[in-house]
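Novice: pasting the structure only:
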Ligand SMILES: Cc1ncc(C[n+]2csc(CCOP(=O)(O)OP(=O)(O)O)c2C)c(N)n1
């Protein structure tokens, strides 16, 4: 049976399934209980599973992550929410010093497997600290996995996989498309493997790698490119780390050109990693340098300046042209 | 005051009852009628501006805004006591204090329209921009307090946080440092009973916030935050105490957020109408107005006239903000570094190239 869902519904559904089947799953964070989260992702779950399993925590991100480490050591499976990715920063110490390291430190005796959910990304006319994309920082920490879905279907399957993962998973939710995309999603339980990218569209002239809210923008640019007889292959990374080297390499070997698109800033970012993979794995096939279209290396501007920063389909199209004509 | 209202006694400091009657003459602050009237007008102006800002938001003319409705006496008191040279390290729900510091409504509107210029506060001395990461600003206040002591200045720092913010580690670390350093900081916790949807009783198992001052070895007091006179007295004495080198003070101002958390929040999801009505009786403006009326200093007619004038002024500043103009490309780059890296300059050049291409492609397409 299928049901039409947006990403909010789909993540809620995944949490519902895991709460139902696994008594160790505990969901908490700021305003996730009574209110169901400021974006309503956890709506209705407290009513269904009670305040011991789905609850509002005091306002303290370091404490949320730190207590989740303890719960996980003791055998529970916490799924915690950072209200916005910008507010995971107070938890940085717990995440980098403990969440990512407990398995290694204890030589596998203890783990701190948990899911750290958070809305992230720009384009919603928000105040400061509500628009950043810092996936590269988390992906840079050994021991963490970083997942970013781009559709309701993927969000559900990846969330189930994240909760079942033996490792801590950062689940970054592109909030700009929380409600923007609706599709039919399987009502039952299914999972999508972490670490596997997806080829969304086959093409022959250029590979465009993206993820999250950028996918939709890339698809629009590809339609325009098609009118110019440019055939674009689109890869949705879906997982930032572990990164799917094989899918990237295979595609670039075929097209000979690569453009990576992300909202996050450029320097030391995911696009640099994807470009390196192309160079390492498909060097002799390259007909142009691997290109990057990313946010500029600046603080995300407040809404009135955000259009200078955000990546439009038009800019993607422009970069596709530049790469193809190189 | 600190002795009588030692938080351990669980005796909230009040001067005026809900009907505006003075019930605690001993601690009635020493202020004349003109000053009281002026204070009321400021609070009324702040409330009118706040209400109008919410309606501008509803009309889609600004983005998300956190209303101050119901909490005006707290900033209202600080506004009358804080001097130019004193520092204000805000959270984001202290409109009356910002205006007193010299921020203009136009600037405040600009911020919520999405311009960084809105927290530049051109003509306000010693006023730091809002801190969105809850409670993080309190540590900055303590650092500023250190400088005041270091250079033996006659200044004090006023810093704000909400009840939710008292759960953050930064809150506790700030009180601890301030206590150790005897920093001249007045910490004002606006306990408005909620952090978004989370009620105060779920933030802490302790009986109020003021009592926490004990653990840090500093002075603390719980004040009826909807009682202008009590707030005035408490802030005044705290500032004097801190300035005299005795160390920081923790003021818990007990109040109620009558509005939504922000314009994107719906309080009916997590609180009852009955509760809202209970607090309505304690409204800070109603109480001070009752006092003014009882002293024959003010009438409802005066209020009507004032509100009409205020609305015109507020709208004038709003329109000015709306006409602020375009946001130049270079403004997203130029404040990132004092010494802009070449790499970043190049990124701006690349964007300009794109814009040229765009212009050209538009022309050729037509
Ligand atoms: C570090 C951090 N975590 C979460 C948030 C999101 N957030 C914004 S306001 C708020 C509640 C604040 O409650 P309180 O401190 O009581 O202040 P109030 O809003 O009631 O004035 C939260 C959780 C934030 N801004 N910063």
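Specialist: Received it, and whenever you're ready, just let me know what you need. Owing to the predicted nature of the structure, the values given are computational and were not obtained by experimental measurement. Numbering: from 1, shown residues only, chains lettered A, B, ... in the order given.

Novice: Quick check: end-to-end length of stretch B:326-336?
Specialist: 19 Å (CA to CA, to the nearest Å).

Novice: Please apply the same query to stretch B:332-344.
Specialist: By CA to CA, one end of stretch B:332-344 lies 11 Å from the other end.

Novice: List of residues touching it?
Specialist: Identification of contacts with stretch B:332-344 by CB atoms under 8 Å, 6 or more residues apart in numbering or on different chains yields A:267, A:296-299, A:301, A:305, A:308-309, B:116, B:345, B:347-348. Backbone N, C-alpha and C define where each C-beta goes, glycine included.

Novice: tell me the two of those that are most distant?
Specialist: A:267 and B:116 (22.0 Å; CB to CB).

Novice: Between these two, which has more neighbouring residues?
Specialist: residue B:116 (19 against 15; other CB atoms under 10 Å in any protein chain shown).

Novice: Distance check, that one against residue B:321.
Specialist: Distance from residue B:116 to residue B:321, counting by CB to CB, to the nearest Å: 13 Å.

Novice: cool, residue A:291 as well?
Specialist: For residue A:291, the distance to residue B:321 - CB to CB - is 40 Å.

Novice: So these two - more neighbours on which side?
Specialist: Between residue A:291 and residue B:321, counted using other CB under 10 Å, the more crowded position is residue B:321 (24 against 19).

Novice: how close does that one sit to residue B:112?
Specialist: Separation of residue B:321 from residue B:112 (CB to CB): 9 Å.

Novice: residues shared between the contacts of those two?
Specialist: In contact with both residue B:321 and residue B:112: no residue, using CB under 8 Å, 6+ apart.

Novice: To what extent is residue B:34 buried, counted in neighbours?
Specialist: There are 9 residues near residue B:34, going by other CB under 10 Å.

Novice: again, but for residue B:324
Specialist: 15.

Novice: That one reaches residue B:114, doesn't it?
Specialist: No. Counting by CB atoms under 8 Å, residue B:114 is not a contact partner of residue B:324; they are 10.2 Å apart.

Novice: Which residues are in contact with the residue of the stretch 51-200 of chain B found nearest chain A?
Specialist: Going by CB to the nearest CB, chain A is nearest to residue B:114 of the stretch 51-200 of chain B, at 3.0 Å. With contact taken as CB under 8 Å, 6+ apart, residue B:114 is in contact with A:125, A:302, A:303, A:304, A:305, A:306, B:63.

Novice: Repeat the analysis, applying 10 Å as the threshold.
Specialist: A:125, A:126, A:127, A:301, A:302, A:303, A:304, A:305, A:306, B:62, B:63, B:327 (CB atoms under 10 Å, 6 or more residues apart in numbering or on different chains).

Novice: any idea where the strands of chain A begin and end?
Specialist: A:2-5, A:25-29, A:54-56, A:77-81, A:115-120, A:145-147, A:169-174, A:183-186, A:198-201, A:206-210, A:232-236, A:239-241, A:258-265, A:291-295 (DSSP state E).

Novice: on that earlier part again, now intersect the contacts of residue B:114 with the helices, please.
Specialist: Applying DSSP state H to the contacts of residue B:114, the entries found in helices are A:303, A:304, A:305, A:306.

Novice: And the last one, how close does it get to the ligand?
Specialist: Meaning residue A:306. 19 Å (CB to the nearest ligand atom, to the nearest Å).

Novice: How about the contacts made by the closest residue to that residue other than its chain neighbours?
Specialist: Counting by CB to CB, 6 or more residues apart in numbering or on different chains, the nearest residue to residue A:306 once its immediate chain neighbours are dropped is residue A:122, at 6.1 Å. Each residue near residue A:122 by CB under 10 Å, 6+ apart is listed here: A:130-133, A:174-176, A:213, A:263-264, A:295, A:300-301, A:303, A:306, A:309-311.
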